[in-house]
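Visitor: what's the 3D shape of this:
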Amino acid sequence: MEILDKISGFLSRSLAWIGGVFLVGMIVLTCANILFRLVWVPIRGTFELMGYFGAIVTAFALGYTQMKRGHIAVDVLVNTFSGKHRKVIDTINYTACFLFFCVAAWQLAVKATTLMNTGEITETLRIIYYPFTYGVALGCAVLSLVLFTDLIKSFVPKKEGKN
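Guide: Numbers count the residues shown, from 1 in each chain. Just a heads-up that it's a prediction; the model follows:
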């Protein structure tokens, strides 16, 4: 159990760090585009790059956000339940989310393979699509691993003094 927790934590933090680099790239690109728009002409392909970088930033942050319980949760009703019922609801939730993101990662990987085989490229910059699609699939796969870890943890009884 501990090894699975360490692996998912390492992968989530690594992807979050890479996503942060892409986020800085988005900020620099936006600022440069604004500056060049005022001085000369806008940077070609900014719209395409912002879309790709945004997809990577979002997908790579999913696992880390789940680890830190940063996703929005409306639990007004669930908080009124007993601990046993909350545990059952958490288990159902982790199972459904795990299965959903496994299927999402799988289908994104299939789509990326199709894009790779057909040689799809963007209009303006002629950038290939599939690495970014594989990146989003990787983000979903890491989120699935974190959700699986949370699912396993929901079956392990909590020790006194630990959260």
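Visitor: For the longest helix seen in the chain, buried residues please.
Guide: Ranked by residue count, the top helix of the chain under DSSP state H comes out as helix 2-39. Judged by neighbour count using 16 or more other Cβ atoms under 10 Å, the buried positions of helix 2-39 are 8-9, 11-12, 15-16, 18-19, 22-23, 26, 29, 33. To be clear about C-beta, it is placed using only N, CA and C from the backbone, and glycine gets the same treatment.
Visitor: Quickly name whichever of these is closest to residue 90.
Guide: residue 8 (17.0 Å; Cβ to Cβ).
Visitor: ok, now how distant is that closest one from residue 50?
Guide: Separation of residue 8 from residue 50 (Cβ to Cβ, to the nearest Å): 29 Å.
Visitor: got the buried residues for whatever helix or strand comes next after the longest helix of the chain?
Guide: Downstream of helix 2-39, the next assigned helix or strand under DSSP states H and E is helix 46-67. Buried residues in helix 46-67, counted by 16+ other Cβ under 10 Å: 46, 49, 52-53, 55-57, 59-64, 66-67.
Visitor: between the residues you listed, which is closest to residue 78?
Guide: Scanning the buried residues of helix 46-67 for proximity to residue 78, where the rule is Cβ to Cβ, the winner is residue 66, at 17.2 Å.
Visitor: Residue 56 is in contact with residue 137, isn't it?
Guide: No: counting by Cβ atoms under 8 Å, residue 56 stays clear of residue 137, with 11.3 Å between them.
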